[in-house]
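[1] Need coordinates for the following:
(2 chains)
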Protein chains: 2
Amino acid sequence: MESYVVHQLIERTLVTHPKQEIVSPGGRFTLEAFYRRVLRLAQSLKSLGLRKGMVAGVLDVNTHRFLELHYALSMLGVIIHTINFRLAPEQLVYSMEHAGDTWVFVSDTFLKMAEPVAGKFPNWVLMTDDAGLSVPEVMNTYDYEALIRDGREEIPDEAGKIEETDIFSIFYTTGTTGKPKGIRYRHREITIGTLQLFHHLALHDCGARVSSSDVFMPLIPFFHIHAWGMAFFPLYLGAKLVLAGAAGPEKQVQLIDEEGVTWLNMVPTQLHMLLETGKFENVKILTGGSPFLSGLAQRAREAGVTYSLIYGGSDQLGTAISVVPEGIPRDSDEAWEWLRVGMRPLPMVEVSLRDREGKEVPRDGKSLGEVWVRSPWLPEGYYKDAEKTAAAYVGGWFRTGDIGTFYPNGLLYVADREGDAVKSGGEWIPTGTLEAVLSEHPSAALVAVIPVKDERWGQRPLAVVKPEGSVSGDDLKKFLLEKVQEGRIAKFWIPDRFEFAEEIPLTSAGKLNKKVLRDRYAKQGG
Amino acid sequence: MESYVVHQLIERTLVTHPKQEIVSPGGRFTLEAFYRRVLRLAQSLKSLGLRKGMVAGVLDVNTHRFLELHYALSMLGVIIHTINFRLAPEQLVYSMEHAGDTWVFVSDTFLKMAEPVAGKFPNWVLMTDDAGLSVPEVMNTYDYEALIRDGREEIPDEAGKIEETDIFSIFYTTGTTGKPKGIRYRHREITIGTLQLFHHLALHDCGARVSSSDVFMPLIPFFHIHAWGMAFFPLYLGAKLVLAGAAGPEKQVQLIDEEGVTWLNMVPTQLHMLLETGKFENVKILTGGSPFLSGLAQRAREAGVTYSLIYGGSDQLGTAISVVPEGIPRDSDEAWEWLRVGMRPLPMVEVSLRDREGKEVPRDGKSLGEVWVRSPWLPEGYYKDAEKTAAAYVGGWFRTGDIGTFYPNGLLYVADREGDAVKSGGEWIPTGTLEAVLSEHPSAALVAVIPVKDERWGQRPLAVVKPEGSVSGDDLKKFLLEKVQEGRIAKFWIPDRFEFAEEIPLTSAGKLNKKVLRDRYAKQGG
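    Residues are numbered from 1 along each chain as shown, chains lettered A, B, ... in the order given. Presented below is the predicted three-dimensional model:
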């Protein structure tokens, strides 16, 4: 019996937790009611001709409908393309055409955005609670709720024939350069990768530990690896799931309070916004995707938020999660610092740090190397892109392009994208670490460190600082010199130049947009 | 990349926890040192001609050597037969011949036992720390430690070619009647089943919860489903593992104290012996295999031992584990009682309770049905026994022969082996429950309830009681009537006959031997 098939994940919890709730902007659904909607939807889609191997795009924020589509399409073997709505319009359409979307499910939120390209895709399904919404004429549109109303409440025969080696989904990376890269996952990899991630979180008594009594609210959108696996885990566990839809930080804080949310995932930028917005207590947060600076971690801790850091990505799924090492008291400063930076590879994941020649670097907490990952849930490569696949997936390993170091206690620190690091006199300067230390200065609201060309050293670091109050480059140099004396950074890491900027550009994923910064400051000389 | 292969489980922990300890009567080994021994052993065995698909039996208590064999044989694709040394000699030899053992690894503990049958099997390897031990001449014997000394410290090429669909092990059930039944497991099922069991334990904050900081000591022998999965889980997690060898209860208590053991598994009989023997604190115990009576649970609780109940077996692996239901205060009497009786199926396991016609019985906490199990880790059936396979494994389900009920909260109570239950006037009387209630009487040291023929009702229950002090059948009847009034049992459950016995026979697995009792009391009339 094949088991790691998405729609099979909830078959047991339907029996044990039929009354468990899924809360969505569109309503509250018991797991039982949710499943009945899934069955009806699947039957209607089958009648419309959706078949195994076809690709259906979904343009929506995190709602019960997007979640239903995960399970209904799984039953039919239709590949779900979770469309990255933060891509530039041109890239977004590219991704839909590249994936081969023949059906597109679009929520009212994105209807305006979809209209200009409606003619490019043959079939549209509109997801809305507003029965009177007018639809562009160019669209061949079905009404999602009507499909559910009209479908038979019976599991389609196809559901029993889906195997764990069938493709489940496709999604596209948000690259800062070039075209988005598509990655297809089989049922097996996407479910096993997800479950191992949460099992790891369950086994370690620290940070964003999960347990069966948690109430989950993903703030990572479904298009980012199915909300980092949240489309699956709460339903597999039988836990309450809260979907925030298009809620902003204020509404998110309100939901945490009203629904008793205890566990969330988000990128550091979102955490920053939440902490600015309101109070919430006893919540656990899994974060990652961009450097988790010590200033932000400190604020989270003071607000009563516990956290873990995750390392992974669209092309490797989950790889490592921060833990408190054995023997460190749970609530000590040291424990919190390890949670911010020190990650343990998930069970069954191998991480290897390699130098330019592909040789392993020592595990001494200092030597930096490129992070190579090997795990049972790596994808086969980039969809229809043999060249990029050959460059990144080599001999069973995925070469991440990030650089990192292993501490002697076996924990991994991922410092930086290799392209973003500074190589000064042949030595790496991890800009992520440097940014983290600089951000501890009370007058540094946001910091980005980028490489600039240097005749003598090859490259030298330049720090771009968004100031809070009055501060000079010399103040910051002096501050960093203290950190050198504390042993936290090397002296040669101290930037030669400091630039101050009102705003620091971010990517669509909320990361520092270093490409823009490199272009800007390269032009200004350096 | 195939991932659920036994020897791959420790590849990551070798990197992250190389200094973690495995403690065994024969010494203390770091994970690194253990792995080096495994490699050397595998290379030597390869030189001796052990090849993929061959079967090697192991006759040993829980030691580091038995554990090493799990991994070394896995690397070569040799099927490990974990010989059940509690079988009667004739059955034991039957199992070895039936499995097709061509190599037998025997520890000094079992050398005497093996001698009479030495000629039946071509190759023997002696496992001992006693270099001067004399070996029966009839044995073609290799010395285990010499094999390790002489082997190359290099992973054999074969290790990379083992797939998760290859057979990993074979073991035999301890049936009370008939020949032992052999069950073969593939790498995939044995590892996935094991890991899901422990992930379930990690996710629920109650009872025998496991975490990365636990120190594990299995008191279940390796021949019982690899010590209920303990041959794999601590090494996969990177946790300390203590192997008790042939230690009796006194030595076991000492090990708990000296090695800081926090988590153990054992059958209720062993728990009873441990509690009789000494004091130990802050330990968590996973128990199962025979009814976990309320008197024993109460004593455990008073001694500061937390517990969970597991349901499973050789022919279905792990199926369900007791949990505290949502909304019940963690330390309440109710919580402890649920932990003793109310089990949640593991994620991805389906349990269905069926009547004689195969129809599902209502989930009302009263209706009893036969427990049918469906899970991703069921074996294909009994080895070389099409008839018994056809009877037990039907349409993807394993028919356990146990009877149980589902409470309305979705928790499962397994009452009894169907063959042991009493059917009185067409209604089931779950003897396990009745035994549990009767055992609460201060003068009932041990209780077994068996069916005896009855002209009017078909069957009626007879209680066999090992008394502690002075007690009569009328005393016990009166006691049970009180329990009827408390709503805990039905009036028609009260046995018509009470028999008192000095000793109650147990099976090799420490369960009440009801077959012997049924024979005994059937002869005495009834």
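
[2] all contacts plus neighbour counts: C-alpha atoms, from now on.
    Will do.

[3] Could you give the secondary structure assignment for the residue of the stretch 401-526 of chain A found nearest chain B?
    Residue nearest to chain B within the stretch 401-526 of chain A (Cα to the nearest Cα): A:Gly410, separated by 4.6 Å. Assigned with DSSP: H, G, I helix; E, B strand; the rest coil, A:Gly410 falls in the coil class.

[4] right, and it touches B:Val15 too?
    Yes: between A:Gly410 and B:Val15 there is a contact under Cα atoms under 8 Å: 6.9 Å.

[5] ok, the residue most central in space within chain A - contacts?
    Centroid check for chain A by Cα atoms, centre = their mean gives A:His224 as the closest residue, at 4.9 Å. Counting by Cα atoms under 8 Å, 6 or more residues apart in numbering or on different chains, A:His224 makes contact with A:Asn84, A:Phe171, A:Ser314.

[6] Return the residues of the stretch 101-250 of chain A in contact with chain B.
    The stretch 101-250 of chain A has residues A:His199, A:Ala202, A:Leu203, A:His204, A:Asp205, A:Val210, A:Ser211, A:Ser212, A:Ser213, A:Tyr236, A:Leu237 near chain B, with proximity defined as Cα under 8 Å from any Cα of the partner chain.

[7] Let's verify the residue at the greatest distance from the centre of chain A: helix, strand, or coil?
    Of all residues in chain A, A:Arg456 has its C-alpha farthest from the mean position, at 38.7 Å, by Cα atoms, centre = their mean. Classification of A:Arg456 by three-state DSSP places it in coil.

[8] lowest average confidence, helix or strand, in chain A?
    Sorting the helices and strands of chain A by mean pLDDT, DSSP states H and E puts strand A:427-429 at the bottom, at a mean of 73.

[9] interface residues of the stretch 301-450 of chain A facing chain B?
    A:Glu326, A:Arg344, A:Pro345, A:Pro347, A:Met348, A:Val349, A:Glu350, A:Pro376, A:Gly396, A:Asn409, A:Gly410, A:Leu411.

[10] Give me the average confidence score over the helix or strand just after the least confident helix or strand of chain A.
    Next along the chain after strand A:427-429, taking DSSP states H and E as the criterion, comes helix A:431-438. For helix A:431-438, mean pLDDT rounds to 84.

[11] Next: stretch A:396-407.
    Per-region confidence: stretch A:396-407 scores 92 on mean pLDDT.

[12] could I get that stretch in CSV with only the CA atoms?
    C-alpha atoms of stretch A:396-407 as CSV (Å, rounded to 0.1, in the frame of the first residue of the first chain):
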residue,chain,number,x,y,z
GLY,A,396,22.8,13.3,-5.2
TRP,A,397,23.6,16.6,-3.6
PHE,A,398,22.0,19.9,-3.9
ARG,A,399,24.5,22.7,-4.0
THR,A,400,22.7,25.5,-2.2
GLY,A,401,24.9,28.4,-3.1
ASP,A,402,24.7,29.5,0.6
ILE,A,403,27.8,29.5,2.8
GLY,A,404,27.9,28.3,6.3
THR,A,405,30.0,26.8,9.1
PHE,A,406,29.6,23.8,11.4
TYR,A,407,30.2,24.5,15.1
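
[13] Which residues are in contact with A:Pro467?
    By Cα under 8 Å, 6+ apart, A:Pro467 lies in contact with A:Ser443, A:Ala444, A:Ala445, A:Leu446, A:Phe500, A:Ala501, A:Glu502.

[14] re the thing from before, mind picking the one among the residues of the stretch 101-250 of chain A next to chain B that's closest to A:Lys284?
    A:Val210 (8.5 Å; Cα to Cα).

[15] Just the pLDDT for the residue nearest to that closest one when sequence neighbours are not counted.
    Computed as Cα to Cα, 6 or more residues apart in numbering or on different chains, the closest residue to A:Val210 that is not its neighbour in sequence is A:Ala202, at 5.0 Å. A:Ala202 is assigned a pLDDT of 97 by the prediction.

[16] and A:Ala202, that's in a helix?
    Yes: according to three-state DSSP, A:Ala202 belongs to a helix.

[17] In the stretch 1-150 of chain A, what residue comes closest to chain B?
    Across the stretch 1-150 of chain A, no residue is closer to chain B than A:Thr16, which sits at 4.6 Å (Cα to the nearest Cα).

[18] For that residue, give me the pLDDT.
    Per-residue pLDDT puts A:Thr16 at 86.

[19] again, but for A:Gly510
    pLDDT, A:Gly510: 68.

[20] One more: the one 4 residues further on?
    As predicted, A:Lys514 sits at a pLDDT of 84.

[21] Where does the prediction get shaky in chain A?
    For chain A, the stretches flagged by pLDDT under 70 are A:1-2, A:174-178, A:416-419, A:426-427, A:508-510, A:523-526.

[22] Break it into its domains for me.
    Domain ranges of chain A: A:6-337, A:421-526, per automatic domain parsing.

[23] Minimum distance to B:Phe492: which of these has it?
    domain A:6-337 (30.8 Å).

[24] tell me how far the ends of the closest one are from each other?
    One end of domain A:6-337 to the other measures 36 Å (Cα to Cα, to the nearest Å).

[25] which residues sit in contact with A:Val61?
    Counting by Cα under 8 Å, 6+ apart, A:Val61 has contacts A:Pro221, A:Phe222, A:Gly245, A:Ala246.

[26] For the last one, grab the count of nearby residues.
    It stands for A:Ala246. Using other Cα atoms under 10 Å in any protein chain shown, A:Ala246 is surrounded by 16 other residues.

[27] Excluding sequence neighbours, find me the nearest residue to it.
    Excluding its sequence neighbours, the residue lying closest to A:Ala246 (Cα to Cα, 6+ apart) is A:Val61, at 6.0 Å.

[28] And the third one, by the same measure?
    The spatially closest residue to A:Gly245, leaving aside those adjacent along the chain, is A:Asn62, at 4.7 Å (Cα to Cα, 6+ apart).
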